[in-house]
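**Q** Need coordinates for the following:
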Amino acid sequence: MASNRLLVIDDDPASSAVIGRIARGCGYDTIITTDTDDFRSRVLSWEPAVIVLDLSMPEMDGDQVMAWL
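**A** Now for the predicted structure:
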């Protein structure tokens with residue numbers, strides 16, 4: 001796991017873009033996704049050090065995502 005990897009899952013593109021810009025400005029390698037299957041795949045394959053997630057999404061809410069992790 002790289003200590004500077006940040007993975008964002010959020011269904012709001014504007015919020016994701018802001019988080020991504022801030023994270024990249026702070027030196028994080030950042031991936032943003034809106035898809036829960038893509039998110040799960042990236043957690044396992046990319047091994048982010050930090051995860052930012054929306055607690056209220058249509059497909060799956062953040063509590064369910066946290067329980068899966």
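**Q** pLDDT score assigned to Gly25?
**A** At Gly25, the pLDDT value in this model is 97.
**Q** element containing the nearest residue to Val50 once chain neighbours are set aside, please.
**A** Leaving aside its chain neighbours, Val50 sits nearest to Leu6 (4.4 Å; criterion: CB to CB, 6 or more residues apart in numbering). From N, CA and C alone the C-beta is placed, and that goes for glycine too. Leu6 is part of strand 5-9, with elements assigned from DSSP states H and E.
**Q** what residues does the helix or strand following that strand touch?
**A** Using DSSP H and E, the helix or strand that follows strand 5-9 in sequence is helix 13-25. Here helix 13-25 makes contact (CB atoms under 8 Å, 6 or more residues apart in numbering) with Leu6, Val8, Asp10, Thr30, Ile32, Thr34, Val52, Asp54.
**Q** Extract the residue ranges of the chain that are flagged as low pLDDT.
**A** The chain contains residues with pLDDT under 70 at 1, 61.
**Q** partners of the spatially most central residue of it in the sheet?
**A** Compute the mean C-alpha point of the chain, and by CA atoms, centre = their mean the closest residue is Val8, 1.9 Å away. Counting by DSSP bridges, Val8 is bridged to Ile32, Val52.
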